[in-house]
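Undergrad: need coordinates for the following:
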Amino acid sequence: MRAVVQRVSRANVTVKGEITGQIGLGLLVLLAVGRDDTEADAIYVAEKVTGLRVFEDDQEKMNRSVQGAGGSVLAVSQFTLYGDVRRGKRPSFDAAAPPEKARQLYEFFVERIRASGLRCETGCFQEMMQVELMNDGPVTILLDSGKAF
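TA: Modelled structure (predicted):
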């Protein structure tokens, strides 16, 4: 499972002109499910997201988690994080999970975030979405449950 996590002052996702998820201070998580991923991968990434200490404390050091900062999470599915362009210019998505599996693990990830006590807004799975954000910092973290990076 792969995620691009961005610290934001605000973010929203729109589908067909309707806002489906919106947060103020928090983390925007663009999430992709890999072909071999399991619930253990979703748990790993959810725990990393909820525990990331990327918000400033009183000494202006990145030392607070999203919960400690009073923030929320906006989780958006994005299979293109598995786009492989090592052999040309057109991405191959062979490493991405099929939609049924990806939906199940994406929803499981969202449940894990909510179970931690955080508010978690979402986009719409398998829809064309427009994501708008104000990256704060900017702070952007890459996560991979296989620890590829």
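
Undergrad: need the per-residue pLDDT for the residue lying closest to Glu39 once chain neighbours are set aside.
TA: Excluding the flanking residues, the one nearest Glu39 by CB to CB, 6 or more residues apart in numbering is Phe108, at 5.8 Å. (Glycine included, C-beta is placed from N, CA and C.) Listed pLDDT for Phe108 reads 98.

Undergrad: would it be right to say that Phe108 lies in a helix?
TA: Yes: Phe108 forms part of a helix when assessed by DSSP: H, G, I helix; E, B strand; the rest coil.

Undergrad: residues near it, how many?
TA: 16 (other CB atoms under 10 Å).

Undergrad: do Thr122 as well
TA: Thr122: 20 neighbours (other CB under 10 Å).

Undergrad: hmm, it is touching Ser72, no?
TA: No: with contact defined as CB atoms under 8 Å, Thr122 does not reach Ser72; the gap is 11.3 Å.

Undergrad: my read: the residue nearest to Glu39 touches Ala42, true?
TA: Yes: in this structure, Phe108 is within contact of Ala42 by CB under 8 Å, at 4.9 Å.

Undergrad: quick check: Leu81 is in a helix.
TA: Yes: under three-state DSSP, Leu81 sits within a helix.

Undergrad: ok, it to Leu142 distance?
TA: 9 Å (CB to CB, to the nearest Å).

Undergrad: which of these two has more residues huddled nearby?
TA: Leu81 (20 against 11).

Undergrad: quick one: that one and Ala69, what's the gap?
TA: 25 Å.

Undergrad: nearest spatial neighbour of the residue nearest the centre of the chain, chain-adjacent residues omitted?
TA: What sits nearest the mean C-alpha location of the chain, by CA atoms, centre = their mean, is Val29, with 2.0 Å. Distances taken as CB to CB, 6+ apart place Ala75 nearest to Val29, at 4.8 Å, with adjacent residues excluded.

Undergrad: great, nothing more from me.
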